[in-house]
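A.B. asks: Got a predicted structure plus its sequence, pasted below:
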Amino acid sequence: MTLRVPNMDAYGISPHLGFLSDNGPLTSFTKTQYTPWDELIANLPHLISSHSLRRTVNDTLPYIDPSALASELEHQRAYVVLGFLIHAYVRAQTETGDDDAAGLPRGTIPPQLAEPFLHVCDELGMPPVLLYAGLCLWNWKPGADQGVLPATGDHQFFELEQLECVGSFTGDLGETDFNLVPVLVEAEGGPLVRLLLDAVVAGAAGGDGASKSVQRALEICAETIERMRKHLAKLYSTLDADFFYHRLRPFLSGGKGMEDKGLPRGFVFRSRDGSEREVKCIGGSAAQSSLFQFLDLVLGVVHESTGGGDSETLFQTMRSYMPRKHRDFLEAVERLPTIRSFVQQHPEDEALCRAFDDCLGQLRQWRGSHIAVVSKYIVRPARRHAGETVRGTTGARDGSEPAGFGTDQVEAGDLTGTGGSALIPFLKKTRDETVGLMKRDGTP
Ligand code: HEM
C-alpha cells in the first residue's frame, strides 16, 4: 500500500518539539518599526492595572504597516502581541462600562490594532481572536540567563522555572504557569508525532519486524504520555482557582455569547476607512491543541459526542481555531490508516495488543487528571458562585454550538446542562471513549 505520509516540515512541525517551533518564538521584532508593539506588550500588566492601556493606545500608538512582517515567526509574534493587546483593550472597555475615550463604542478595536491583527490572522489562517497558539504555542521564551534551547531530543526541554511568557495580562506567576504548563506538555509529547507516523509507515510496510516496531513505538508513547500527565500537577502550586476563574478567564473570551456582558456585537474591528468587521468567536482553550487531536487520530480514538449541539463534535469545531498549517496536517493524518487498525489485524500478538491498551490507558489517565484540573479551576469556583453560567475556557457559546462546554447552569451546587451534556460529563465521555481493545471486564 502506498502511504501519503505528511511531510512534517512542510506543516511547520518539529521532529523534536512537535507543534512548538524548534528554536522557540521570536523574543522581539527584528525590524525597528515594530518596536512600539514590543514596548506595549512588555508593559501590558502595568498598563492594565493602572487603567492606562486605552489612553496609551489611542494617544500614542501609530498605525504600523504589517506588510513588512516577512517570516512565519514574525507573523506568530505579531499575532501574540496584538492578540494580547486587543483582548486587554476590549476587557478594559467592558470593565469600565464606558465608551472609549476616543469615541469608540464598547467592543470596538481601533484601526492601529485591528488592521495589522486581521492581516496576520489571515496569513496564519486563524480567526481574529487570541487562541491556544497565541496563549501557549508561541508565547514562551527562556528567562533571562537561561541561554538557548537545550539540545533537542532525549526529553530535554526547559523546566517551568526557566521559562517566561511573551504576553501576560496580569504578570501573575499563576497566569504564566497557566500558559506555560501546556508548553511543557507539548514539548514532552512533541517527539510522538515523528514516532507514531513512523509506526504507521512500519505497519503499512508489513514484514517480519512490523509488529515489533509498532509495539516499541506504543511503549514509548505510553511512557511519554505518563510524563505529559505529570506536568499537569505543576499548575496547582501557583495558579489559584479564584484568580483563574474571576481574573484571568474574562480576558480569554473571544466575544461570543457576551451580548449581556457589554459586547452586544462581539469584537468589532474598525479600519482606518471607518468600515467595521464584527467577530464573535470562542476564546482560547487547550482543546485547540493539535497534539491531542493527532494522538486520537493516529491511535484510532473516535469521539462521537456533539455535546447536544449540531452534528459537529467539539474536536471538529476546534480545528478551525488552530493555525492553518496544523489544521491541514491533521487532515492529512486523518487519511492514514490508524495504529488501532494495525493492532486489530494482529489479535494473536499479545505483546502488541497489551502495548496498545497500555498506551490508550495512559491517554485515558491523562484525561482523568485533566478532569480534576477542570473541576478545580472551573466547576468549584463556579459553584461557589451558584447561579452563574459555567463556561469552558472557550467562553460562552450560543445554541448552534456543541452545548455543554459553555452553557451549563450551576444550581444549588449541581451542574445541570441547559442544552445538552454538561462540561464534566462531556470530558468524562471523552475520557471513556479513549479505550484500547480490551472490554471493561478485561476480555478482548
Ligand atoms: C487551569 C487549567 C485548565 C482548564 C481550566 C482547562 C479547561 C478545559 C475545558 C473547560 C475544556 C473543555 C473545552 C472548552 O470549553 O474549552 C478543556 C478541554 C481540553 N483541555 Fe483543558 N484545561 C486546562 C488545562 C489544560 C492543559 C494544561 C492541557 C494540556 C495541553 C489541556 C488540554 C485540553 C484538551 C486536549 C482538551 C480537549 C478535551 C480532551 O481532549 O480531553 N487543558 N479544558
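C.D. replies: Done, it's in.

A.B. asks: could I get stretch 104-123 in PDB with only the CA atoms?
C.D. replies: Output in PDB follows, covering the C-alpha atoms of stretch 104-123 (Å, rounded to 0.1, in the frame of the first residue of the first chain):
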ATOM      1  CA  LEU A 104     -15.300  54.100  20.100                       C
ATOM      2  CA  PRO A 105     -18.300  52.100  21.300                       C
ATOM      3  CA  ARG A 106     -17.500  49.100  23.600                       C
ATOM      4  CA  GLY A 107     -16.000  46.100  21.800                       C
ATOM      5  CA  THR A 108     -14.600  48.300  19.100                       C
ATOM      6  CA  ILE A 109     -11.000  47.900  18.400                       C
ATOM      7  CA  PRO A 110      -9.100  50.900  16.900                       C
ATOM      8  CA  PRO A 111      -7.500  50.600  13.500                       C
ATOM      9  CA  GLN A 112      -3.900  50.700  14.700                       C
ATOM     10  CA  LEU A 113      -4.600  47.300  16.500                       C
ATOM     11  CA  ALA A 114      -7.400  46.000  14.300                       C
ATOM     12  CA  GLU A 115      -5.900  46.200  10.800                       C
ATOM     13  CA  PRO A 116      -2.500  44.600  11.500                       C
ATOM     14  CA  PHE A 117      -4.100  41.900  13.600                       C
ATOM     15  CA  LEU A 118      -6.600  41.000  10.800                       C
ATOM     16  CA  HIS A 119      -3.600  40.900   8.400                       C
ATOM     17  CA  VAL A 120      -1.500  38.400  10.500                       C
ATOM     18  CA  CYS A 121      -4.600  36.300  11.200                       C
ATOM     19  CA  ASP A 122      -5.200  35.900   7.500                       C
ATOM     20  CA  GLU A 123      -1.500  35.000   7.000                       C
END
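
A.B. asks: Tell me the buried residues in it?
C.D. replies: Counting neighbours by 16 or more other Cβ atoms under 10 Å, one finds that the buried residues in stretch 104-123 are 104, 106-121, 123. Using the backbone N, CA and C atoms, a C-beta is placed for each residue, glycine as well.

A.B. asks: now swap in stretch 198-207 and tell me
C.D. replies: By neighbour count on 16+ other Cβ under 10 Å, the buried set for stretch 198-207 is 199-200, 202-203.

A.B. asks: Spell out which residues of the stretch 201-350 of the chain are next to the ligand.
C.D. replies: Along the stretch 201-350 of the chain, the residues adjacent to the ligand under the rule Cβ under 6 Å from any ligand atom are 232, 235, 244, 285-287, 289, 292.

A.B. asks: for Leu330, what are its contacts?
C.D. replies: When the contact criterion is Cβ atoms under 8 Å, 6 or more residues apart in numbering, the partners of Leu330 are 290, 293-294, 297, 319, 322.

A.B. asks: So which of the residues you listed wins on neighbours?
C.D. replies: Among the contacts of Leu330, the one with the most neighbours (other Cβ atoms under 10 Å) is Ser290, at 27 neighbours.

A.B. asks: Who are the contact partners of that one?
C.D. replies: Contacts of Ser290 (Cβ under 8 Å, 6+ apart): 19, 322, 326-327, 329-330.

A.B. asks: Can you get me a residue count around Gly103?
C.D. replies: 8.

A.B. asks: Understood, closing this out.
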